[in-house]
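Undergrad: this one's sequence-less:
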């Protein structure tokens with residue numbers, strides 16, 4: 001299954017290469033390696049952080065947005081991720097209309113928060129998974145003293161002297177999105193070691209985050225090409241659902257689970273047993289009970305055996321009828337039984353027609369009594385269309401039975417005349 005590549009991955013590679021050269025981070029192979037340096041800095045995480053930021057944007061298209069570049073907004077570092085919830089962005093822009101804002105930190109990825117917390121160099125860093133910076137509504141403002149009143153007027157809350165640079169702006173608690181973005185990114189790159197995509201930060205998620213490559217993964221987490229992974233359906237959001245109950249995955253008509261007894265698309269009906277009808281609609285089967293029996297994929301109506309049918313059909317195991325536009329035209333008894341399927345029906349091979357009659361008045365016109373005679377004068381029923389003695393689904397009578405069908409159709413025309 002081919003995964004889509006986003007600009008986030010391109011930027012991730014670019015930042016990772018630049019970081020390795022400028023900051024000497026080539027030896028920092030994992031997120032935990034960066035944290036063990038003991039510095040209160042996210043330097044070296046440019047690759048994985050760019051991927052995680054893009055993955056979180058994919059979770060909330062239109063809700064998790066860029067706030068810079070924008071007049072009156074300056075980022076203090078290239079490592080500041082310019083993303084916030086749309087409501088927080090609007091508040092920030094409203095404050096920027098009253099003065100210049102210098103933003104030291106805004107959105108932080110899960111990898112950023114892991115390093116800041118576990119490095120031991122940042123006294124105010126919240127535990128991984130618990131920071132409001134992960135939710136996309138918190139900003140750290142370098143010139144907080146000058147801009148505090150403008151930010152508060154725009155609806156942002158100052159955290160106070162314990163963390164004077166920090167403001168929480170309008171928005172909802174979406175800290176779990178940062179966790180979910182990482183879990184999804186991990187699973188896309190480690191299908192053999194999948195973890196729960198539940199947005200809950202715990203020991204399992206933390207252990208994978210610790211050994212995540214600081215330069216970023218080979219595949220981004222922005223989405224998947226819908227398709228089948230064996231009998232598992234993968235959708236565009238990379239969610240996976242196993243086909244159960246005997247169903248199989250197909251990509252015909254869109255990746256989904258279908259009944260292998262049905263065509264993947266279209267509608268088909270068949271009789272699966274006496275009094276049972278199976279209807280397939282676009283790969284999904286349902287069974288219907290036919291109290292009066294099932295014939296050629298249609299439930300028989302004892303009061304109207306030609307309901308919904310025209311042409312020859314088996315009325316029961318030993319009776320063949322021809323249904324016209326106005327109902328039953330002709331019936332006959334087949335000595336060897338009647339065989340039929342959607343598209344055709346006939347008396348079984350080797351059986352004589354015992355009697356025949358008009359559905360309208362029960363009589364048979366003179367000269368037509370030998371309804372089962374073939375062209376060679378031998379008695380037979382309607383001949384099968386299979387060398388095995390059966391009747392194919394769409395077959396027409398053949399051999400000696402062809403003459404019988406001609407006579408039968410003659411009866412129908414005579415009756416209508």
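TA: Looks like it arrived, so ask away. A quick note: this is a predicted structure, and the numbers were derived from the prediction, not measured.

Undergrad: skipping its backbone neighbours, what lies nearest the most centrally placed residue in the chain in space?
TA: The chain has residue 235 as the residue nearest its centroid, 4.5 Å off, counting by Cα atoms, centre = their mean. Nearest residue to residue 235, sequence neighbours excluded (Cβ to Cβ, 6 or more residues apart in numbering): residue 226, at 5.3 Å. Just so you know, the C-beta spots here come from the backbone N, C-alpha and C atoms, and that holds for glycine as well.

Undergrad: surely that neighbour touches residue 236?
TA: Yes - in terms of Cβ atoms under 8 Å, residue 226 counts as a neighbour of residue 236; the distance is 5.3 Å.

Undergrad: so between these two, which is more surrounded?
TA: Applying other Cβ atoms under 10 Å to residue 226 and residue 236 shows that residue 226 carries more neighbours, namely 16 against 13.

Undergrad: list the contacts for the more buried one?
TA: Listed by Cβ atoms under 8 Å, 6 or more residues apart in numbering, the contact set of residue 226 reads 233-236, 251, 254-255.

Undergrad: and these, which is closest to residue 329?
TA: Comparing the contacts of residue 226 against residue 329 with Cβ to Cβ picks out residue 254 as the nearest, at 44.3 Å.

Undergrad: where does pLDDT dip in the protein?
TA: Along the chain, segments meeting pLDDT under 70 span 1-28, 223-224, 237-238, 308, 341-344, 350-417.

Undergrad: what ranges do the helices span in it?
TA: 7-22, 31-35, 46-59, 86-96, 110-118, 144-153, 175-189, 203-210, 401-416 (DSSP state H).

Undergrad: what is the third one packed up against?
TA: The reference is to helix 46-59. helix 7-22, strand 64-66, strand 83-85, helix 110-118, helix 175-189 (3 or more Cβ pairs under 8 Å, 6 or more residues apart in numbering; DSSP states H and E).

Undergrad: look up the closest residue to residue 67, ignoring the ones flanking it.
TA: That would be residue 89: by Cβ to Cβ, 6+ apart, it lies 4.2 Å from residue 67.

Undergrad: count the residues that sit near that neighbour.
TA: Counted with other Cβ under 10 Å, the neighbours of residue 89 add up to 25.

Undergrad: I'd like the distance between it and residue 297.
TA: Going from residue 89 to residue 297 by Cβ to Cβ, to the nearest Å gives 59 Å.

Undergrad: cool, and residue 287?
TA: 12 Å.
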